[in-house]
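In: predicted model follows, preceded by the sequence.
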Amino acid sequence: MAAHIEHLVTSGEFTLDGGTWQVDNNVWLIGDDQQVLVIDPAHDAEAVAAAVGDRRLLAIVCTHGHNDHINAAPELADLTGAPVLLHPEDRELWHQTHPGFKPDAELADGQRLTVAGTGLTVLHTPGHSPGAVCLHAPDLGTLFSGDTLFAGGPGATGRSFSDFPTIIASIRDRLLTLPPETVVRTGHGDSTTIAAEAPHLDEWIARGH
């Protein structure tokens, strides 16, 4: 069976710079009946583990180190034995949430992950955070964008470890160059496409200054 995409929404708190917000997070699973990857295990490790079921969880992939995208990762790793992967430039953010737990391996730009015969390429897209990454799965016509790109524009850059010109450069140079029909599956909210977002780059730049 070819790899397919599954979607789970979990709810909890996002905390940074002394503020706390209630958020709904998209958790993505990619795989088949035998094996699966999880992207951004948020808030509820048991719910994510239930979605994995009896399949082999190959890896827990974190698009960035904000607590609402990683807070269930160590528990999910304990439940499944799967390694946790994070870009090294987000290690400081990670340790704000999990000071006693280290990710098992580092993500690197251009790295290829494979699940159920389907490849996902890691794209380092800093801006929302220094180590933010997206995952491009061309065979599935999909980009998993974390909090780098949403339906309607870039991820937030008004808090620590973020930078607006950097996220704009990441989106312009790494994401908007993908095929226009690529579906963008985001860290929060609705999915979009590259074609839907690309025409608005200049508007985002104007809005951000």
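Out: All right, it came through fine. Residues are numbered from 1 along each chain as shown.

In: what does stretch 96-107 rub up against?
Out: Surrounding stretch 96-107, the residues in contact under the criterion C-beta atoms under 8 Å, 6 or more residues apart in numbering are 59, 61-62, 65, 67, 70-71, 73-74, 77, 83-88, 91, 94, 122, 124, 131, 133. In this view, the C-beta of every residue, glycine as well, is placed from N, C-alpha and C.

In: an error on my part: the question was meant for stretch 36-43.
Out: Residues contacting stretch 36-43 (C-beta under 8 Å, 6+ apart): 6, 10-12, 25-31, 48, 52, 55-63, 68-73, 76, 82, 113, 115-116, 120, 135, 144, 146, 187.

In: do the same with stretch 14-26
Out: 7-13, 40, 42-43, 66-69, 159-160, 185-189.

In: next one: stretch 187-202
Out: Here stretch 187-202 makes contact (C-beta under 8 Å, 6+ apart) with 23-26, 40, 63, 69, 143, 145-147, 149-153, 155, 168, 171-172, 175-176, 178-186.

In: of the contacts of stretch 14-26, which belong to strands?
Out: Judged by DSSP state E, strands contain the following of the contacts of stretch 14-26: H7, L8, V9, T10, S11, G12, E13, R185, T186.

In: can you say which of the contacts of stretch 36-43 are buried?
Out: The neighbour count (16 or more other C-beta atoms under 10 Å) marks 10, 12, 25-31, 48, 52, 55, 57-63, 68-73, 76, 82, 113, 115-116, 120, 135, 144, 146, 187 as buried among the contacts of stretch 36-43.

In: just the residues you listed: which are in strands?
Out: Of the positions in the buried ones among the contacts of stretch 36-43, 10, 12, 25-31, 57-61, 113, 115, 120, 135, 144, 146 sit in strands, assigned by DSSP E.

In: pLDDT weak spots in the chain?
Out: Residue ranges of the chain with pLDDT under 70: 1, 209.

In: quick one: the helices in it?
Out: For the chain, helices defined by DSSP state H occupy the ranges 45-52, 67-70, 73-80, 91-97, 164-170, 194-197, 201-208.

In: for those helices, give me JSON lines that also has distance to D109.
Out: Formatted as JSON lines, those follow (distance: least, C-beta to C-beta, whole Å):
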{"stretch": "helix 45-52", "distance to D109": "26"}
{"stretch": "helix 67-70", "distance to D109": "19"}
{"stretch": "helix 73-80", "distance to D109": "21"}
{"stretch": "helix 91-97", "distance to D109": "16"}
{"stretch": "helix 164-170", "distance to D109": "11"}
{"stretch": "helix 194-197", "distance to D109": "19"}
{"stretch": "helix 201-208", "distance to D109": "21"}
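
In: tell me which of the ones you listed is the most buried.
Out: Neighbour counts (mean count of other C-beta atoms under 10 Å) averaged over each of these peak at helix 67-70, with a mean of 25.

In: that one packs against which elements?
Out: Helix 67-70 makes packing contacts with strand 4-16, strand 19-31, helix 91-97 when contacts are defined by 3 or more C-beta pairs under 8 Å, 6 or more residues apart in numbering; DSSP states H and E.
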